[in-house]
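Enquirer: Compute the structure for the input listed below.
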Amino acid sequence: MLVLVVNCGSSSIKYQVREVEPADGEPQAYTSSMPAIDENVPLATATAGVTGGEVIAKGLIENIGTSEITDHTQALEILARRLDEELGGRTIDAAGHRVVHGGERFSAPVLVNNEIIRAIERLAPLAPLHNPAHALGLRAIQKTWPHMPQVCVFDTAFHRTMPEKAWRYAIPEEMYVMNGMRRYGFHGTSHDYVTGKAAEFLGIPREQFDAVVAHLGNGASVTAIRHGESFDTSMGYTPLAGLVMGTRCGDLDPSVVTAMLERNPEMTARELDRILNKESGLQGICGDSDMRAVQQRADSGDEKAQLALEMTAYRLAKYIGGYHVAVGGAQALIFTAGIGENSSEFREQVCNELGALGITLDPGANASPEGDVARISTPDSAIEVLVVATDEERAIAEATASLVRERVKG
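Expert: Modelled structure (predicted):
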């Protein structure tokens, strides 16, 4: 089955085409001429096993909303022509969408119908930069490929297993009830994927697996995995909370926000939001948001860069220690995503803060982790430390194929 995995932004569309096969070797039962999905089709959850994930094509379409490409529909028409050439006549069978925010409604991938698109639009206040663009992409594919089944996979869905004591904020209840102000968590597709890969690697049944997963990129989050599910996570109502990130501040005393607005009457809430999201984190501390550049500066003796790394590693180490307690003793610490997979120096710096947990790294293994899952801790380390390559596009493709397969069989 060929699955088009799309991540629609306000001015761009990132895409991959993945080859996904049934796990049991059954003949493929997919067709691109399936009836259009309408509002009467029930929702479904991903249950059928699929495997594979070979990347057939990938790319990025930018400048949407300009004179070159006026809207997402035109961008999808350009993509359709591009794929006709790249796929040599093969037909896309389904589309899987990354959707940032599923709110409290969506706890699993769903087949798309018009009501689902409207629900994603209604969640726009929780993700104003993302959900409207996702909805535009969904409607554009409906127009470009009217008979193609679509599936939404939500970044927040994996964290719907968190207990209320973890996701509630200690604020007046009406703020939660009326405005949905609670911890949602993000990067769920990645956390879910690497949890499964790590449990399989260690030979531990997923439902018995307790771990801490650190998804470290320009945006970063850490999740407590208890019995194979999300128990707590560092990001909150928005992706701003938690760790020090490339340009995001992470955890902050809320009074900083009110004090800034009080002391700078000309500052708007939107301007302050931009500062906290776009001008803080590593950028705010040392003037550079790229971890590689910050590491190079720190290695050359730049004190601001060194401070930025120390703060970032310390914040993460505190979360790891806390989540080790939250899950009743983690069996593994997992590093993933761009920084987590590629920065041996930062992994070492974080683990050096975790001596109290009995974690020890193998310097050679840490310097050159091998394979999609690599053990970088020593045999006598109290907690296994792994580097696991995340693949959110593969996870989306497999969830999409699973749902479409179930729909065909049903």
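
Enquirer: Next, residue 328: secondary structure please.
Expert: Following DSSP: H, G, I helix; E, B strand; the rest coil, residue 328 is assigned to coil.

Enquirer: Pull the contacting residues for the closest residue to it other than its chain neighbours.
Expert: Among residues not flanking residue 328 along the chain, residue 210 sits closest, at 6.4 Å (CB to CB, 6 or more residues apart in numbering). Using the backbone N, CA and C atoms, a C-beta is placed for each residue, glycine as well. Contacts for residue 210 (CB atoms under 8 Å, 6 or more residues apart in numbering) come out as 225, 226, 227, 327, 328, 329, 330, 331.

Enquirer: Provide the partner residues of residue 96 in its beta bridges.
Expert: Judged by DSSP bridges, the bridge partners of residue 96 are residue 5, residue 151.

Enquirer: That one contacts residue 6, correct?
Expert: Yes. Taking contacts as CB atoms under 8 Å, residue 96 lies within contact range of residue 6: 7.3 Å.

Enquirer: Would you mind telling me which of these two has the busier surroundings?
Expert: residue 96 (29 against 25; other CB atoms under 10 Å).

Enquirer: Quick one: mean pLDDT over stretch 57-66.
Expert: Taken as a whole, stretch 57-66 has an average pLDDT of 86.

Enquirer: Now do it: everything it contacts.
Expert: Identification of contacts with stretch 57-66 by CB under 8 Å, 6+ apart yields 10-17, 69-72, 74-75, 78-79, 82-83, 86-87.

Enquirer: what's the answer for stretch 74-89, then?
Expert: 2, 4, 13, 15, 17, 56-57, 59, 61, 64, 69, 92, 137, 140-141, 143-145.

Enquirer: Derive a ChimeraX selection command for the buried subset of those.
Expert: Selection of buried members from the contacts of stretch 74-89 for ChimeraX, criterion 16 or more other CB atoms under 10 Å:
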select :2,4,13,15,17,56,57,61,64,69,92,137,140,141,144,145
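
Enquirer: In strands, which of the contacts of stretch 74-89 fall?
Expert: Within these, residues falling in strands by DSSP state E are 2, 4, 13, 15, 17, 56, 57, 59, 61.

Enquirer: Which stretches in the stretch 301-410 of the chain count as strands?
Expert: Counting by DSSP state E, counting those that start in this stretch, the stretch 301-410 of the chain has strands at residues 332-336, 373-375, 384-388.

Enquirer: Which other helices and strands does the second one contact?
Expert: Using 3 or more CB pairs under 8 Å, 6 or more residues apart in numbering; DSSP states H and E as the contact definition, the elements that strand 373-375 packs against are helix 188-202, strand 384-388.

Enquirer: What are the buried residues along the first one?
Expert: For helix 188-202, a neighbour-count test (16+ other CB under 10 Å) marks 188, 189, 190, 191, 192, 193, 194, 195, 197, 198, 199, 201 as buried.

Enquirer: Closest one of the residues you listed to residue 379?
Expert: Residue 379 lies nearest to residue 201 out of these, by CB to CB, at 15.5 Å.

Enquirer: any idea how far residue 371 is from the closest one?
Expert: Note on residue 201: its distance to residue 371, by CB to CB, to the nearest Å, is 9 Å.

Enquirer: residues in contact with the closest residue to residue 188 other than its chain neighbours?
Expert: Nearest non-adjacent residue to residue 188, counting by CB to CB, 6+ apart: residue 158, 3.1 Å away. Residues near residue 158 by CB under 8 Å, 6+ apart: 185, 188, 189, 191, 192, 229, 230.

Enquirer: Any chance of JSON lines for those residues, columns pLDDT and distance to residue 321?
Expert: Shown next, in JSON lines, are the contacts of residue 158 (pLDDT from 0 to 100; distance: CB to CB, whole Å):
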{"residue": "185", "pLDDT": "96", "distance to residue 321": "19"}
{"residue": "188", "pLDDT": "95", "distance to residue 321": "22"}
{"residue": "189", "pLDDT": "94", "distance to residue 321": "26"}
{"residue": "191", "pLDDT": "97", "distance to residue 321": "18"}
{"residue": "192", "pLDDT": "96", "distance to residue 321": "23"}
{"residue": "229", "pLDDT": "97", "distance to residue 321": "21"}
{"residue": "230", "pLDDT": "98", "distance to residue 321": "18"}
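
Enquirer: Can you add distance to residue 340 and give those residues back as JSON lines?
Expert: Output for the contacts of residue 158, formatted as JSON lines (distance: CB to CB, whole Å):
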{"residue": "185", "distance to residue 340": "17"}
{"residue": "188", "distance to residue 340": "16"}
{"residue": "189", "distance to residue 340": "15"}
{"residue": "191", "distance to residue 340": "12"}
{"residue": "192", "distance to residue 340": "15"}
{"residue": "229", "distance to residue 340": "21"}
{"residue": "230", "distance to residue 340": "17"}
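
Enquirer: Which two among those are spaced furthest apart?
Expert: 189 and 229 (14.2 Å).

Enquirer: what's the burial count for residue 129?
Expert: Around residue 129 sit 11 other residues, with neighbours defined as other CB under 10 Å.

Enquirer: I'd say it and residue 8 touch.
Expert: No. Using CB under 8 Å, residue 129 makes no contact with residue 8, being 11.6 Å away.
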